[in-house]
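Undergrad: Next come a sequence and a model predicted from it.
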Amino acid sequence: MPSLTFLDKAKDDAAAVPPELLAGKRRLSPAEISVLADNLNSSSDPTWRNVYVDDSEFGFDPTLVQNSSFSGFVVLGRLCAAQLKYHDLTLRTGIYNSTLSNVATGDDNVIRNVSYLENYRLGSRVMLFNVQEMSCTNHSKFGNGVLKEGEPEENRISIAVGNENGRRAVLPFESMLPADAWLWSRCRGDAELMARFQQLTEACDSGRLDTFGTVGDDAIIKNTTLIKDAKIGACAYIKGAFKLKNVTILSSEDEVSQIGEGVELVNGIMGCGSRVFYQAVGVRFVIGRNCQLKYGARLINSILGDNSTVSCCELLNNLIFPFHEQHHNSSFLIATTILGQSNIAAGSTIGSNHNSRSPDGEILAGRGFWPGLCSDFKHNCRFASFVLTAKGSYHYELDIPYPFALVSPGKSPDAPIHIVPAWWFLYDMFAVVRNKYKFQQRDRRAVKVQKIEMNPFAPDTMQEIVFAMERLEALAAETLSPDADGTDGSALRAPRWDDADSEAERLPRARALLLDADADDFVLDDALCQRRYGALICKPAQAYRMYRLILKYFAADAIAGYCDAHGHPALTAEVVSKIRALPLFAEWQNLGGQIVPQKKVDALFDALKSGGISSWQGVHDFYDRCWTEYGDDKAAYAVWLLEYLYERPAPSFGSGVWAELLDDVMSFSGDMYASSVSSREKDFTNRFRRMTYRNSAEMEAVLGSVDGNDFLRTLRTDTEAFNRRLEALLGGISGRRNS
């Protein structure tokens with residue numbers, strides 16, 4: 001039931017005005033009060049002492065205030081005859097048909113048909129048009145996970161990412177990055193660290209009961225039903241929203257945020273440059289920069305990384321890194337942590353299958369995760385980077401450690417799944433090589449706070465490749481028995497060894513088999529990839545050799561980047577020694593899209609616990625330092641990878657090893673371009689792709705041409721430049737002349 005309070009008409013509401021709002025302001029003159037009264041305006045204070053106006057010459061035109069009422073205090077900026085125009089909306093400055101209570105405005109605002117506006121501070125050139133209610137309580141948190149004075153813990157807003165049971169929940173804050181949420185949600189066993197994260201978040205707010213809503217300069221809000229407890233940034237454009245409650249809408253002139261028709265956002269934070277349209281719903285959320293949420297999409301208890309687009313679908317209890325695409329009404333994502341650069345196809349119901357009655361299952365997928373049409377998985381599952389799953393229902397838990405792999409269902413639910421490691425590089429080079437270029441084009445952030453590694457060739461994927469290669473070696477050593485005759489294809493051309501052979505003796509021989517170009521037909525069994533029925537690893541020898549080429553390419557590219565950054569025109573023994581003297585980091589983490597050495601993450605934790613880092617800004621400064629050092633860290637890791645591949649220290653390589661590296665990497669670089677062209681040509685030469693077109697001219701008009709593909713033209717230029725640079729870099733140390 002509403003409470004009834006009788007007002008004291010003689011009360012002077014001016015006593016409540018915050019002093020900082022009164023600079024350059026004055027009270028109304030009797031003549032101005034008379035004009036206001038004639039224009040059907042009213043005040044809760046009959047003497048109008050609660051209203052302050054701009055004190056400059058021509059700073060207040062009372063004729064621009066009509067049929068409006070004021071209570072509490074009202075402090076108006078400059079108000080003179082002018083028009084504000086945005087797109088096809090043109091309105092005369094002033095206050096019309098509105099109710100204001102405890103409001104301060106900037107200069108040259110339009111407030112028209114705002115039925116109830118309470119406890120807000122408006123910037124300059126703000127347009128409020130046809131707003132039913134816009135109010136703010138003194139205890140608003142604007143979507144942040146903090147508490148105000150005297151509030152109980154149950155009032156705190158948290159986001160239950162990664163797991164429905166809420167035990168990975170994080171507390172949102174205005175500057176939160178996916179990297180922050182990753183560390184907070186994944187290190188739950190460290191109670192001291194969890195407490196520090198909460199302290200850092202609480203330090204973002206004073207806790208005082210003195211909040212007021214804000215609207216930044218040049219913002220436009222029109223035809224909106226309810227805005228309550230909102231912080232709205234400069235230049236934001238809000239039209240036709242249904243409900244915005246306890247939210248922060250970050251926006252700037254360079255990164256304008258927009259909210260459209262029928263949108264409902266509750267308890268969340270929306271990043272600069274993002275757009276939410278067409279009946280989309282967000283509840284307990286953080287949306288990054290340059291994101292889109294539209295066409296009825298539901299984002300609940302989730303964090304969405306920068307440069308992501310979500311349409312139509314439903315996302316519950318997720319932590320999603322940058323560059324996530326999910327466009328289909330029939331897709332569903334729940335209780336997952338997806339490490340970015342992902343694409344969820346139509347009919348995918350990721351996480352809808354539980355294996356118990358408890359909401360405690362979860363899925364962890366590396367970057368580049370791409371489940372095919374109508375894929376569904378049972379909790380728990382884990383996927384390496386750039387895993388593609390074929391259409392199907394996967395009835396048992398999966399653990400896929402092979403990056404760039406294709407995973408397919410077995411012939412029946414009680415059969416092994418099939419895995420082709422390195423599938424992208426073996427069969428669809430165009431798609432994987434295009435990734436880096438595609439994401440660079442889609443990154444329209446003006447301010448890139450969250451650093452993002454967009455290249456598939458990066459330390460996180462190389463780390464996974466090393467693990468996958470060793471896994472293949474171990475499987476080959478275990479699976480290929482001394483009496484195998486190869487009749488089932490599983491041990492074709494297997495080396496012979498005795499049962500007494502030790503693991504140390506079997507591994508080199510298994511490695512030799514995987515490197516043998518004539519041993520491409522056998523398969524391996526991996527019991528750990530699927531519960532109960534395991535997996536068949538198809539084409540392991542081709543994948544193994546491809547993995548080695550990928551490692552070499554990454555190493556050469558990272559060393560070239562180091563030499564370019566430090567002004568070394570060519571690689572020499574001295575430069576190799578300098579690289580080897582750098583700190584070596586062989587374990588890496590994907591922090592919100594930024595790849596960071598594990599040892600540095602451990603150092604961050606130590607600094608947080610000791611008080612050496614005492615704010616989230618300090619944590620973000622740490623990320624920036626890691627990004628600055630990233631090139632050197634990659635180079636040191638690259639040399640270590642070469643030593644791993646060639647099984648000797650880099651100073652002892654000799655010209656022969658460097659010459660082999662040069663040949664292999666240049667050949668692989670050329671193959672990437674040639675295979676990308678070949679992959680794309682299939683779209684134009686395949687009979688079934690061509691059959692809906694009457695002739696080649698029509699097909700080219702609709703699809704374009706291979707020769708006209710911007711990506712392939714760029715890739716050709718980059719490939720030629722890379723190969724020239726590589727020849728110059730390694731020509732001397734390999735004993736060859738530079739071309």
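TA: Sure, I can see it.
Undergrad: just for the stretch 351-500 of the chain, where's the confidence low?
TA: When residues are selected by pLDDT under 70, those of the stretch 351-500 of the chain lie in 352-358, 480-500.
Undergrad: Sketch out the helices for it, chain order is fine.
TA: Listed in chain order, the helices of the stretch 351-500 of the chain (DSSP state H, counting those that start in this stretch) span 423-427, 429-442, 459-479.
Undergrad: got it, and the stretch 1-150 of the chain?
TA: 30-38.
Undergrad: Determine which of the helices of the stretch 351-500 of the chain approaches residue 706 most closely.
TA: Closest approach to residue 706 among these (CB to CB): helix 429-442, 10.2 Å. Glycine gets a C-beta too; all of them are placed from N, C-alpha and C.
Undergrad: What residues sit buried inside the helix or strand that contains residue 631?
TA: Element membership of residue 631 [criterion: DSSP states H and E] is helix 616-646. By 16 or more other CB atoms under 10 Å, the buried positions in helix 616-646 come out as 616, 619-620, 622-623, 626-627, 629-630, 632-643, 645.
Undergrad: Name the residues that touch the biggest strand by length in the chain?
TA: Secondary structure of the chain per DSSP state E: the longest strand is strand 220-232. If you take CB atoms under 8 Å, 6 or more residues apart in numbering as the criterion, strand 220-232 is touched by 86, 89, 126-137, 140-142, 211, 213-216, 219, 236-249, 251.
Undergrad: In strands, which of those residues fall?
TA: 86, 89, 127-135, 213-215, 237-239, 243-249.
Undergrad: As a check, name the ranges of all strands in the stretch 451-600 of the chain.
TA: All strands of the stretch 451-600 of the chain, identified by DSSP state E, counting those that start in this stretch, fall at 524-526, 535-537, 588-591, 594-597.
Undergrad: Can you give the strand pairings for the first one, parallel or anti for each?
TA: Strand 524-526 pairs in its sheet with strand 535-537 (antiparallel), by DSSP bridges.
Undergrad: that older thread, and the angle from the longest strand of the chain to strand 243-249?
TA: Interaxial angle of strand 220-232 relative to strand 243-249 (axes from the mean of the first three to the mean of the last three CA atoms, to 10 degrees): 60 degrees.
Undergrad: Tell me the strands beside strand 220-232, with direction?
TA: strand 127-135 (parallel), strand 213-215 (parallel), strand 237-239 (parallel), strand 243-249 (parallel).
Undergrad: Can you lay out those strands as CSV showing mean pLDDT, distance to residue 282 and mean neighbour count?
TA: Shown next, in CSV, are the strands paired with strand 220-232 (pLDDT from 0 to 100; distance: least, CB to CB, whole Å; neighbours: other CB atoms under 10 Å):
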stretch, mean pLDDT, distance to residue 282, mean neighbour count
strand 127-135, 98, 19, 21
strand 213-215, 98, 18, 23
strand 237-239, 98, 14, 22
strand 243-249, 98, 8, 23
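Undergrad: Arrange these in JSON lines, one row each, with distance to residue 190 as further columns.
TA: Shown next, in JSON lines, are the strands paired with strand 220-232 (distance: least, CB to CB, whole Å):
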{"stretch": "strand 127-135", "distance to residue 190": "41"}
{"stretch": "strand 213-215", "distance to residue 190": "36"}
{"stretch": "strand 237-239", "distance to residue 190": "41"}
{"stretch": "strand 243-249", "distance to residue 190": "28"}
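Undergrad: Out of the ones you listed, which gets nearest to residue 184?
TA: Here strand 243-249 is closest among the strands paired with strand 220-232 (CB to CB), at 18.7 Å.
Undergrad: Just the CA coordinates for the closest one, please, in PDB.
TA: Taking C-alpha atoms only, strand 243-249 is exported to PDB below (Å, rounded to 0.1, in the frame of the first residue of the first chain):
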ATOM      1  CA  LYS A 243      12.500  -0.800 -18.700                       C
ATOM      2  CA  LEU A 244      16.000   0.300 -17.700                       C
ATOM      3  CA  LYS A 245      16.500  -0.400 -14.000                       C
ATOM      4  CA  ASN A 246      19.700  -0.300 -11.900                       C
ATOM      5  CA  VAL A 247      22.000   0.000 -14.900                       C
ATOM      6  CA  THR A 248      25.000   1.800 -16.200                       C
ATOM      7  CA  ILE A 249      25.000   2.700 -19.900                       C
END
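Undergrad: any idea which helix or strand comes after it?
TA: Past strand 243-249, the next helix or strand by DSSP H and E is strand 258-259.
Undergrad: Direction included, what does that next one pair up with?
TA: When DSSP bridges is applied, strand 258-259 pairs with strand 237-239 (parallel), strand 275-276 (parallel).
Undergrad: Now residue 305. Its backbone dihedrals?
TA: Main-chain torsions, residue 305, degrees, to the nearest 10: phi -70, psi 170.
Undergrad: quick one: contacts for it?
TA: Counting by CB under 8 Å, 6+ apart, residue 305 has contacts 178, 288, 291, 320, 321, 322, 323, 324, 340, 450, 592, 593.
Undergrad: For these, could you give me a markdown table that also reports secondary structure, neighbour count and distance to residue 309?
TA: Output for these, formatted as a markdown table (DSSP: H, G, I helix; E, B strand; the rest coil; neighbours: other CB atoms under 10 Å; distance: CB to CB, whole Å):
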| residue | secondary structure | neighbour count | distance to residue 309 |
| --- | --- | --- | --- |
| 178 | helix | 29 | 16 |
| 288 | coil | 30 | 11 |
| 291 | coil | 25 | 7 |
| 320 | strand | 29 | 11 |
| 321 | coil | 32 | 14 |
| 322 | coil | 32 | 11 |
| 323 | coil | 24 | 9 |
| 324 | strand | 27 | 8 |
| 340 | coil | 27 | 13 |
| 450 | coil | 25 | 16 |
| 592 | coil | 27 | 18 |
| 593 | coil | 26 | 16 |
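Undergrad: what about the residue nearest to residue 709 when sequence neighbours are not counted, how many residues close to it?
TA: Ranked by CB to CB, 6 or more residues apart in numbering and with sequence neighbours excluded, the top spatial neighbour of residue 709 is residue 680, at 6.3 Å. For residue 680, the tally of surrounding residues (other CB atoms under 10 Å) stands at 19.
Undergrad: For residue 344, list each beta-bridge partner.
TA: Residues in beta-bridge contact with residue 344 (DSSP bridges): residue 326.
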